[in-house]
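Student: sequence plus the predicted model coming up.
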Amino acid sequence: MITVIGSGAGADLGSWAGEAALVVDVRSDELTDTELDLVEKHVSEGGTRVIVRVLGDPGFFGVVRTLEQRFGTEGIDVRPGPTAVGLAFARLGLPWDDALVVEGTALDRAVNVCRAHPKVAVLPGPGVGPAELGGELVHRVASRTLVVFTALGDPFRERFERVEPAEAMCRSWEGVSLVLCLDESRQGGPAPAVTGPLTGPGRWALPDGEFGTESHADGGSGADAADGRSVLPYEARALALARLGPRAGDLVWDIGTACGAVAIECARLGAAAVAVEQTASGVERIRANTAAHGVEVRAVHGSAPTVLSHLADPDGVFVGGGGRELRSIVLAAGRRARRTVVVAVTALEQVGAVRSALASCGLAVEGVLLQSQRLLALPDGSSTMAPTAPVFLVWGTR
């Protein structure tokens, strides 16, 4: 058994010291390879306890991840103490449920987070400390305060001080435990509904070919686009996603697209997603694409609008197919969507019906006709432009 004890956990190390074959005091955030090998040697002998003693909560950017990867979870007993981030914000009397936490492994990443967000905790690392942060922030932001903590959690040596970036960059710092970067002009907002690693994907509006089906950009017929046998071109998909605004905590329906492209993109952006498809082959394609992109999308086999009655109310709905049932589907979506319905059609005659259906649900209706020219390389090295098939996007906003 490996017992991991964080300072402040209230655990009495003395009560276990007699039965422990090994006690490891972790001086930084990680165990060294030598320490891990020593722990593994004692664990393999069996019957004796190994104690790993760390500062704060070992499950928060700490040794629990390393131990779990090497030894599994069943043989680890974790007794956490308060996190360094929690302690730091407590010293200032501030909540930290709306703070972002950055591990100091890359200066540019830490600086970019500090530039974009008003409340950031930076766990320092080599080349990522108060001086380096100050040097990068001093000419890039109008107002930031750095709060530098040293010996955090030590009842005798702990101290913190507020400094401006210009001062921080001109000083030498030792024993830094944590740096808070605050834009105090933007503090005091509402509590977030969701906390955690809400970083989005590196890219979205993915290339058409990543969904294993024919690209409607090549000029497929209106019938093909309406029944979902071709993927919505990424130019149109980009605008559809912008109007849907998928985020963590949202539910999005993707109706009739056969390949699940919009649902998958919404899932990659943090939303829960349901893809509705009436053909069995389409459902299988959605499941294959979902697995290929490493996200969770529920594929529902059935005909809209009937099958929609079994689904939870969505925040946003994308309709990419419908045929003769298009108006009924849009009405069902418009009545239940909490925020937005986006509809893609290829026939001008369908636009009026979609627009009136959305308006009858009390939605403010807008729309565009999209037709782009894609750059193509010719065999001789020159370039040409190839037109994509036109797509009407019509959307209604609550």
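Tutor: Everything's here; your move.
Student: immediately after the helix or strand bottoming out on mean pLDDT in the chain, which helix or strand?
Tutor: When each helix and strand of the chain is scored by mean pLDDT, DSSP states H and E, helix 222-227 comes last, with a mean of 38. Using DSSP states H and E, the next helix or strand after helix 222-227 towards the C-terminus is strand 230-231.
Student: and stretch 370-387, how far out from the chain's middle?
Tutor: Taking the mean of its C-alpha atoms, stretch 370-387 sits 34 Å from the chain's own mean (CA atoms, centre = their mean, to the nearest Å).
Student: pull out the buried positions in that stretch.
Tutor: When burial is assessed from 16 or more other CB atoms under 10 Å, stretch 370-387 yields the following buried residues: L370, S372. All C-beta spots, glycine's among them, are computed from the backbone N, C-alpha and C.
Student: can I get it in PDB, CA atoms only?
Tutor: Output of stretch 370-387 as PDB, limited to C-alpha atoms (Å, rounded to 0.1, in the frame of the first residue of the first chain):
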ATOM      1  CA  LEU A 370     -22.600  31.100 -48.800                       C
ATOM      2  CA  GLN A 371     -20.600  30.200 -51.900                       C
ATOM      3  CA  SER A 372     -16.800  30.200 -51.600                       C
ATOM      4  CA  GLN A 373     -14.000  29.700 -54.100                       C
ATOM      5  CA  ARG A 374     -11.400  27.200 -52.900                       C
ATOM      6  CA  LEU A 375      -7.800  27.500 -53.900                       C
ATOM      7  CA  LEU A 376      -6.500  24.500 -55.800                       C
ATOM      8  CA  ALA A 377      -3.000  23.700 -57.100                       C
ATOM      9  CA  LEU A 378      -2.600  22.600 -60.700                       C
ATOM     10  CA  PRO A 379      -0.100  19.900 -61.800                       C
ATOM     11  CA  ASP A 380       2.100  22.600 -63.400                       C
ATOM     12  CA  GLY A 381       2.500  24.400 -60.100                       C
ATOM     13  CA  SER A 382       0.000  27.200 -60.800                       C
ATOM     14  CA  SER A 383      -3.200  27.800 -58.900                       C
ATOM     15  CA  THR A 384      -6.900  28.000 -59.800                       C
ATOM     16  CA  MET A 385     -10.100  28.600 -57.900                       C
ATOM     17  CA  ALA A 386     -12.900  25.900 -57.700                       C
ATOM     18  CA  PRO A 387     -16.400  27.000 -56.600                       C
END
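Student: residues in contact with it?
Tutor: With contact meaning CB atoms under 8 Å, 6 or more residues apart in numbering, stretch 370-387 is reached by A217, G219, P233, E235, A236, L239, T388, A389, P390, V391, F392, L393.
Student: widest-spaced pair of these?
Tutor: The span of the contacts of stretch 370-387, defined through CB to CB, is set by G219 and L239 at 19.4 Å.
Student: compare the two (neighbour count), which wins?
Tutor: L239 (18 against 13; other CB atoms under 10 Å).
Student: quick check: which element contains the more buried one?
Tutor: helix 234-244.
Student: so for that helix, mean pLDDT?
Tutor: Across helix 234-244, the average pLDDT comes to 95.
Student: likewise for stretch 83-90?
Tutor: According to the model, stretch 83-90 has a mean pLDDT of 91.
Student: now do stretch 31-38
Tutor: Rounded mean pLDDT across stretch 31-38 is 86.
Student: can you give me the buried ones in it?
Tutor: For stretch 31-38, using 16+ other CB under 10 Å, the buried residues are L31, E35, L36.
Student: for stretch 49-58, same thing?
Tutor: Neighbour-count burial for stretch 49-58 [16+ other CB under 10 Å]: R49, V50, I51, V52, R53, V54, L55, G56, D57, P58.
Student: which outside residues touch it?
Tutor: 1-8, 13, 16-17, 19-26, 31, 39, 42-43, 62-64, 67, 78, 80-84, 86-87, 153.
Student: could you flag which of the residues you listed are buried?
Tutor: Using 16+ other CB under 10 Å, the buried ones in the contacts of stretch 49-58 are 2-8, 20, 22, 24, 26, 31, 39, 42-43, 62-64, 67, 78, 80-84, 86-87, 153.
Student: those residues in helices, which ones?
Tutor: If you go by DSSP state H, these have V39, H42, V43, V63, V64, L67, A84, G86, L87 in helices.
Student: residues in contact with the third one?
Tutor: When you say that, I think you mean V43. Neighbours of V43 in contact, by CB under 8 Å, 6+ apart: I2, V50, F71, G75.
Student: at 10 Å what do you get?
Tutor: M1, I2, A21, L22, R49, V50, L67, R70, F71, G75 (CB atoms under 10 Å, 6 or more residues apart in numbering).
Student: which residue, other than its chain neighbours, is closest to the third one?
Tutor: If I follow you right, that is A21. T48 (3.6 Å; CB to CB, 6 or more residues apart in numbering).
Student: any idea how far D315 is from A332?
Tutor: Separation of D315 from A332 (CB to CB, to the nearest Å): 15 Å.
Student: so for these two, which residue has more residues nearby?
Tutor: Shown here are D315 and A332; by other CB under 10 Å, A332 has more neighbours (24 against 21).
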